[in-house]
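Enquirer: Got a sequence here, can you model it:
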Amino acid sequence: MSREHGVNRRSYLSALGAGGVAALAGCSGISGGGTDTDTGTDDGNDTISIGSDIPYRPFEYENEDGELLGFDVDIAEAVFGEQLGLTPEFTDTSFDTIISSLNNGNFRVIMSAMTINDERDEEVDFSDPYFTAYQTIVVLDDSDITAKSDLKGQTVGVQKGTTGAGAADELKEEFDGDLSIKRYDQIPAAFDALINNQVVAVVNDNTVNAEFVNQRDNVRFVEGEGAAAEDGENAPPYLTLTVEEYGIAFREDDEEFREEVNGALASIKEDGTYDEIYNEYFSG
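Expert: The predicted structure is shown next:
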């Protein structure tokens with residue numbers, strides 16, 4: 001597989017996924033399609049429709065030519081394409097409605113850097129985990145915020161429906177309500193709000209925050225120990241609010257296909273494909 005993604009990597013990118021390689025996940029083309037839940041393919045052919053919130057770099061995003069790229073995209077090609085003989089087709093879907101869209105039959109699976117948690121597990125079934133991530137905080141480089149406690153009384157930005165939003169809600173509870181939260185449809189809008197001083201920080205997944213930090217000279221992570229260190233993980237140098245694992249989501253009546261996908265995930269881990277893709281995006 002040839003992959004083009006132009007990721008500008010810095011030291012935290014090589015550190016952020018030490019737990020991620022031990023877990024598991026990725027192709028291109030954006031389209032929809034009705035789902036034939038008996039065969040595992042869409043519209044009676046050999047495609048698999050995948051719901052995903054785009055852009056969410058480096059997991060799924062388009063380049064200047066409109067080509068869909070990203071870690072999830074490459075993993076989908078490896079899992080569904082190379083292992084299962086299907087053609088992945090991504091459907092761009094708002095993250096805060098993506099589970100209901102899956103259950104309404106708009107696509108067969110969700111692959112969108114989605115954290116496995118108990119609330120979501122009540123509505124969908126998940127594959128085995130394929131990536132380890134952390135909720136983190138980014139601020140402007142000249143910000144006075146150097147610790148989690150400095151956010152008390154401030155305004156932070158998050159993406160609707162994400163575990164970053166959930167982490168911000170937990171911070172607000174920890175601060176006895178003394179935190180304002182602005183919720184955006186997509187993460188680039190939250191980043192824009194930070195740059196324009198409409199929020200003082202963005203709470204979001206570490207890898208996506210790292211892409212943002214890598215691309216700009218005026219933003220940084222809030223540093224410090226946190227959930228990763230407490231869990232005994234190989235913690236990155238920035239503050240981690242949570243330790244999370246991503247999974248591919250399925251409708252609850254799709255158990256046979258879910259088992260096939262789990263087998264494919266295990267295969268790409270065993271044959272080195274997963275590590276190859278991971279290292280292209282998150283090492284060096």
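Enquirer: For residue 221, grab the count of nearby residues.
Expert: Look at residue 221: counted by other Cβ atoms under 10 Å, it has 20 neighbours. Glycine gets a C-beta too; all of them are placed from N, C-alpha and C.
Enquirer: Tell me who's in contact with the nearest residue to it once chain neighbours are set aside.
Expert: Leaving aside its sequence neighbours, residue 221 sits nearest to residue 238 (Cβ to Cβ, 6 or more residues apart in numbering; 3.6 Å). Residue 238 makes contact with 12, 136-137, 206, 221-224, according to Cβ atoms under 8 Å, 6 or more residues apart in numbering.
Enquirer: do residue 170 as well
Expert: residue 241.
Enquirer: before we move on, the earlier item: are any of the contacts of residue 238 buried, and which?
Expert: Listed as buried from these are 12, 136-137, 206, 221-222; burial here means 16 or more other Cβ atoms under 10 Å.
Enquirer: Just flag the most distant two among these.
Expert: 12 and 137 (13.2 Å; Cβ to Cβ).
Enquirer: just checking, residue 87 touches residue 48?
Expert: Yes: taking contacts as Cβ atoms under 8 Å, residue 87 lies within contact range of residue 48: 7.0 Å.
Enquirer: So for those two, which residue has more residues nearby?
Expert: Between residue 87 and residue 48, counted using other Cβ under 10 Å, the more crowded position is residue 48 (28 against 17).
Enquirer: Helix or strand: which one has the more buried one?
Expert: Assigned by DSSP states H and E, residue 48 belongs to strand 47-52.
Enquirer: What residues of that strand count as buried?
Expert: So for strand 47-52, counting by 16+ other Cβ under 10 Å, buried means 47-52.
Enquirer: Mind putting these into JSON lines with distance to residue 249?
Expert: Below are the buried residues of strand 47-52 laid out as JSON lines (distance: Cβ to Cβ, whole Å):
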{"residue": "47", "distance to residue 249": "18"}
{"residue": "48", "distance to residue 249": "13"}
{"residue": "49", "distance to residue 249": "13"}
{"residue": "50", "distance to residue 249": "10"}
{"residue": "51", "distance to residue 249": "8"}
{"residue": "52", "distance to residue 249": "11"}
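Enquirer: Thanks a lot, see you next time.
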